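Undergrad: What follows is a predicted structure for the sequence shown.
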Amino acid sequence: MSSVWNFSITRRHLQAGCAAAALALSSIGMAMPASAQDVTTIKVLNWQPGGPDYWAALVKAFEAENPDVKVELETVPFDRYPEVQGPYIATKSGPDVMENNSGLELYDRRSAYIPLPADLVKSAGSDLITYSGGCLNFDASQACYGLPFGYQGNVMYYNKKVLKEAGLDPQNPPKTWDEMDKACKAVAAIGKTCLAHGMTGVFPAYWNFPEIARNYLSEDDMRAVLAGDMPWTDPKMKSILEAMASIGKRGWINSNSPSISMLPDGADIFSSGKAAFASTIIADAVNWQAFGAALGDENVGAMRWPVLVPDAPLANSFSGVESSVFGVTSWSTKQEAGLKFVKFIAGKKNGDLLISVGGGIPLNKNVDTTLFPKSEALAQIREIIKKPTLHVGVLLSGQEADALARGWQEVTLGRISVDDWVARMQVALEESPGKTKE
Amino acid sequence: MPNQAAGAVRVHRRRKFGLSPLAVALVLPGVVLAILFKLMPLVHALWLSLLRTRGFEDPTFAGLRNYYSAFRDPVVAQAFRNAIMVFLTLPVWIFLPLIIALLLFQRTPGWKFFRAVYFLPYMIAPVVVGIMFRQILAPEGPLNALLIAIGLSPLAIEWLNGPNSALFSLTSVALWSFFGLGVLTYLSGLATVPQDIVEAARLDGAGFFRLLVSVAMPLIRPVIGYWTVLCMSSMLIWMFPLIYALTRGGPGSATMLPEYLVFTTTFEFLNRGKGAAIGMALFVFAALVSAFVVRRMYREGTGRSS
Amino acid sequence: MSAAAIQLRRPGPSGRMLRSLARWLVTFALVVVAVGALYPLLFTIINSLKSRVAYAQSPLGLPANITFENYLETFSRIHVPRLLFNSIVTTAGGLVLSTVAALFIAYAVTKLRMPGGNLVFLFIISMLVIPSQVVIYPLYDTILSLGFGGTYQGLILAYAAFGLPMSTYLLVAYFRAIPDELIEAARLDGAGDMRILFQVLLPVSTPAIAALSILNFVWMWNDLLLPLVIMGGSGNTTLMVGVALLSGQYDVSIPLISAGLIVALLPVMIVYLVFQRQILNGAIAGAVR
């Protein structure tokens, strides 16, 4: 073992000059405690979006590029992340770099982060399709607390084989709600589920709400949602909820939807070939790649959600969002090194890794697009995301997302009316600490 | 310890008991643990419940505002209503394992195997239990298929979708994963029952229920008491990971319990003040519910004869 | 014991038909319960041997092709030996510490009859009903100020504190039932308090100790909240946290999680199989006395 280590050191010696070699030596880290003062070790709290292989590759690439910084990953399961991060923030201790979802989740925790230096934001941001989700009020001209790396959002996947079985044209999937309604009737006739769905947890609320909201809201309306200035009693908001409620009433979804989760249950229904459509994300998992592996790439297609209001300006846009952002903690004593990491996160190199190892779609514009796998669904997605707009899902507070998810379950089961749901959403808005004003 | 020798001399009298340094030293580790990791945090939480917390900004004093907000919140009311509903199933939690234990105690062939098997669910992590029962209890799942096959189709309901059936299902799942511990507990209690008493009852021609009610139950009353306390204190705690894995409190708030609500309010809504207020209400609720049993246990534990 | 078994099988005057019918019914009921109880483990094992696609196609069926890819993936993703070691150290530490602390209290309260002992007892057991989510912030604060963040000691102390109420409760109740004559006799033999506690009371209390050990072992082993918060993302975290890491933000593979859980469950099963006999022996020892 030690001979291997020595060998790699020798090679580094040969490759680089003496000064660089000293840094390289120290980058081996714990094995060489003597030179530890030359290396800054930063702790990065994360939930490993894109998977462990991608993160191992990311750290390796970053350390190769920044021999004076060593990264120690503190990885926490995504669904228990708040329980770990909360105490860190409350005690102002712990990691040097942290991950959060962009949007309100980040703003609610902004006291834990330093505003990123303007020049870093400018230089790194100019290469990104979007990064406003890491900035105050989705406004890149205000303080930014973190930088993103991947693009995320929802599309409707469809199973061409099932569409064919149901006598539908797989090359021409439904584009409007009326067409979708007809398609679902045809799918039901062959005994399959039309839209594979699971409503437990906030996932469906978070991801499906924007797809419908786009038909009714302008970008200014969305910013009003973020600011807490858009009441749920507004007719536009009510229309969105009505449309969501109608999905169940029209019989598009599986009957156990209110009591199962989308991940993995709902997605599994689609993967098993028992459903015609599924609405999930474009990157990371349960996406074109996973469905392609289960159903055959040739059988999977991706489309925009069917349009409700054809002339709505944003109806044919993509509700995209930075998958998550990384920022430097306010209590860190190694902010310099932390900023290097944040810069790397948004860079081209990481973008290439995200494509080739993480199965994601990077935000960096300079990535090597030849790395993308050949997949018709992915090609469709890359076309869809070219017209981005804001993602209303990440503008909801924790309370709102929760009330949205629970309300959707109950309205689908016919236990409450849309008006009840609206009233609950309004209460949730009023209870949201981040959205109420003194 | 000089008075130890004196104690030995006076052994036929009752030993005199005072606040000996030994007793204090023995009690100390446990008390320190409890104070450091339970009481102090609890007092801290009580203080937190009086603060207005907005995310992670510095909190301000809010008086009883969080409590007011919690009492007004219909979800809080429903969570406690659900908790009461769960507590109403307590007799089942107490007697079902007892009956099974008694059946095993009669040395049914293979009883060791059964005992070992019944305990398995208790050791299975709740996340698996949740995943599994989502499949089993699905409208077209195997449970309903079985019910329809044996002619009980009216019972083949949407177990996890109904407002009452969801809580019922969740409680049953919790009981399912907990009952093995009860069987084991009762079996070790029953093992202290002298066989000849059981034999005598048997020879009397006592039926199973007479054996249960008039022989076993009086003899193992402390064990029943212990198990009751264990159930009452664990039911809600035990159900938390199941709710997390199975329903997330849904559909709607049908399976919302206070413990889970504390979790969502604190960690998902970042309303730590209100979360602490609900937690305090839960503490008082649980204390009230258990007080009766604890007092009873005292009596039995210290009582000369009950 | 065998004599008792024979006696039990002696047919009553009411006829052996009825009796054997009842016996069959009982056995049938027990088998049904057993199948229900065994199912989850089988479910987990079977699913851990399926590929992800095979699971999606038939969540409840038997695997058409057995695959070990989920186990390989588990071992490549999480550092099983290290996490297993962490789990063993912290669980054993928490178990021993809470049991010893509870033994001490039970002895002081019931046998030394310390004044205010009942208050101490009440104080300890009333800590039972504190929901851990409520106290998690201040608890973490305490751990930090003790300098135990990310350390074994931190988690062991927290485990011990959370296991203490039930342990104390059980042991106090158990000790109360042990006649004082036993202690007086030992005292006459010149035994000191520690010898009485560990050589007289402890052996008699095996069933209680076994019961509370199981109770504490299972929750400590399976717990997520305390190791997550106290260990953070450090290398000292437990196996269960590692298993929880097998599911990502959006990527939830049930076969993979099943494999991870089997890996995590295996040590528990082994302990259980070993421990089970001891419970039985303890129980019989208690019965003989």
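TA: Right, received. Where do you want to start? Numbers count the residues shown, from 1 in each chain, chains lettered A, B, ... in the order given.
Undergrad: can you pull the contacts of residue B:115?
TA: Taking CB atoms under 8 Å, 6 or more residues apart in numbering or on different chains as the definition of contact, the neighbours of residue B:115 are B:104, B:183-184, B:187. Every residue, glycine included, has its C-beta placed from N, CA and C.
Undergrad: In terms of pLDDT, where does it sit?
TA: If you check residue B:115, the pLDDT there is 84.
Undergrad: Please pull up the helix or strand immediately following the strand or helix carrying it.
TA: Counting by DSSP states H and E, the element that carries residue B:115 is helix B:111-123. Sequence order places helix B:126-136 as the next helix or strand after helix B:111-123, per DSSP H and E.
Undergrad: Any part of the helix or strand following that next one near chain A?
TA: Heading C-terminal from helix B:126-136, the first helix or strand you meet, by DSSP H and E, is helix B:142-149. No - among the residues of helix B:142-149, none lie within reach of chain A under CB under 8 Å from any CB of the partner chain; the closest is 10.6 Å away.
Undergrad: Please compute how far helix B:142-149 lies from its chain's middle.
TA: Using CA atoms, centre = their mean, to the nearest Å, we find the averaged C-alpha position of helix B:142-149 to lie 30 Å away from the chain's own average C-alpha position.
Undergrad: ok, now stretch A:373-392?
TA: For stretch A:373-392, the distance from its own C-alpha centre to the chain's C-alpha centre is 14 Å (CA atoms, centre = their mean).
Undergrad: can you list the residues of the stretch 201-306 of chain B near chain A?
TA: Going by CB under 8 Å from any CB, the residues of the stretch 201-306 of chain B near chain A are B:247-253, B:264, B:266-271.
Undergrad: picking up where we left off before, relative to residue B:92, which of the contacts of residue B:115 is nearest.
TA: When the contacts of residue B:115 are ranked by distance to residue B:92 (CB to CB), residue B:183 comes first, at 13.7 Å.
Undergrad: Buried residues, stretch C:244-257. List them.
TA: Burial within stretch C:244-257, assessed by neighbour count using 16 or more other CB atoms under 10 Å in any protein chain shown, is assigned to C:244-257.
Undergrad: Report the separation between the two terminal residues of it.
TA: 8 Å (CA to CA, to the nearest Å).
Undergrad: swap in stretch A:322-336?
TA: 24 Å.
Undergrad: Spell out the secondary structure type for residue A:141.
TA: Local secondary structure at residue A:141 is given as coil here, using DSSP: H, G, I helix; E, B strand; the rest coil.
Undergrad: For it, which non-adjacent residue is closest in space?
TA: If the residues on either side of it in the chain are set aside, residue A:141 comes closest to residue A:135, at 7.9 Å by CB to CB, 6 or more residues apart in numbering or on different chains.
Undergrad: I figured the one you found was touching residue A:143, is that so?
TA: Yes - Residue A:135 sits in contact with residue A:143 when judged by CB atoms under 8 Å, with a separation of 6.6 Å.
Undergrad: can you give me the strands in the chain?
TA: All of this refers to chain A. Using DSSP state E, the strands of chain A run over residues A:40-46, A:69-75, A:97-100, A:147-148, A:150-159, A:193-196, A:275-281, A:300-303, A:318-322, A:325-328, A:361-362, A:388-389.
Undergrad: wait, chain B
TA: In order along the chain, chain B carries the following strands (DSSP E): B:51-52, B:60-61.
Undergrad: so who does the nearest residue to residue B:126 once chain neighbours are set aside touch?
TA: With CB to CB, 6+ apart as the measure, residue B:241 is the residue that lies nearest to residue B:126, at 3.7 Å, once sequence neighbours are left out. With contact set as CB under 8 Å, 6+ apart, residue B:241 has these partners: B:125-127, B:130, C:224.
Undergrad: Output those residues as a markdown table; include the columns neighbour count and distance to residue A:254.
TA: Converted to a markdown table, those look like this (neighbours: other CB atoms under 10 Å in any protein chain shown; distance: CB to CB, whole Å):
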| residue | neighbour count | distance to residue A:254 |
| --- | --- | --- |
| B:125 | 27 | 27 |
| B:126 | 21 | 25 |
| B:127 | 23 | 23 |
| B:130 | 20 | 19 |
| C:224 | 21 | 30 |
